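[1] sequence and predicted structure below; questions after.
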Amino acid sequence: MGRQRLTPPTPDAGADPAQDRRFVTALARGLALLRCFGPADRWLAHQALARRSGLPQATVSRLTFTLCSLGYLRHRAATGEYALGPAVLTLGFSMLSNFQIGRIARPFMEALAEHTQAAISLGVRHDTSVVYVAHCRSTARLLLGLDVGTRLPFAETAMGRAMWCASTPGMRALIARRLQAEDAVRWPAREAGLRRAEADHAQCGYVASASEWEQEIAAIGVALDLGDGREPLALTVGGPAARLRGALLHEDFAPALVRTGREIVAAIQAAAWED
């Protein structure tokens, strides 16, 4: 008799993993501390980490000591500030090098970038944010200085709204709870934007955002449902709001985006079948 393969437990879709007895709160807090660092952050003070993470300063002290000991953070004693350590880069590069979806999608994204002369991005959801896993720029001069690893808000972006529209009711409920807990004051406006996106998606097959997360930047997005039970990804076309509008956007760029999304899904599914 062959050995039985053990499948690691995974959270149920739509359930709050923090309520599960298998959830390790200390680990979650440590990862939350690492997520406090944005693309523009080199060093952050202890107080900034506590404020951004929402954790007590005593907890931050214990976590930073542990993360520094393991190489995930560096400490500058002269100022009391912290920076991400080499161990974080090792994890990131390992994930990206094995993220075959981005590799498969890139030729399609490059073709769409040249067609639209805009920025094309592929992303996944991470808690209440979206994260770029692939990004292509056209040869045109753009205002978007974004790249792989960029983290953007979920509710205010075309990428997040596209994911929302393709998510299951249970997953939507979980995301809504997270967004409301993150900022109860902003939640009504965020919810209204997500509901508008649902209506747009039902009518047009894509969603949009305009100057909502960054001034003068607009984007349209579609979800990529791979049909294997995982959360949907999203593909977006982004650029200056003054250009991404009118007939050019809705009669040219949007159909090209929808078509490219279908081509990427078909290519990923074909590659999975071959494997």
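    Sure, I can see it.
[2] could you point out which element follows the helix or strand hosting A58?
    Applying DSSP states H and E as the criterion places A58 in helix 57-70. Proceeding N to C from helix 57-70, the next assigned helix or strand is strand 73-76, under DSSP H and E.
[3] and the pLDDT for the residue nearest in space to the middle of the chain?
    Nearest to the geometric centre of the chain sits V130, at 1.8 Å (Cα atoms, centre = their mean). V130 carries a pLDDT value of 90.
[4] list the buried ones in stretch 182-202?
    If you call a residue buried by 16 or more other Cβ atoms under 10 Å, then stretch 182-202 has these buried ones: 182, 187, 190, 193-194, 197, 200-201. From N, CA and C alone the C-beta is placed, and that goes for glycine too.
[5] again with stretch 82-91
    Quick answer for stretch 82-91 (16+ other Cβ under 10 Å): 82, 84-85, 88.
[6] and those residues, which of them are in helices?
    V88 (DSSP state H).
[7] strands along this protein, start to end?
    44-45, 73-76, 81-84, 119-126, 129-137, 151-153, 207-210, 217-224, 233-240 (DSSP state E).
[8] skipping its backbone neighbours, what lies nearest R42 in space?
    Nearest non-adjacent residue to R42, counting by Cβ to Cβ, 6 or more residues apart in numbering: A83, 6.0 Å away.
[9] so which residues of this structure form helices?
    Using DSSP H, helices in the chain cover 25-34, 46-53, 57-70, 86-97, 100-116, 158-166, 169-182, 187-204, 246-247, 254-274.
[10] can you tell which of the ones you listed is closest to E216?
    Smallest distance to E216 across those (Cβ to Cβ): 14.9 Å, for helix 158-166.
[11] quick one: list the elements packing against that closest one.
    Contacts defined by 3 or more Cβ pairs under 8 Å, 6 or more residues apart in numbering; DSSP states H and E place helix 158-166 against strand 119-126, strand 129-137, strand 151-153, helix 187-204, strand 207-210, strand 217-224, strand 233-240.
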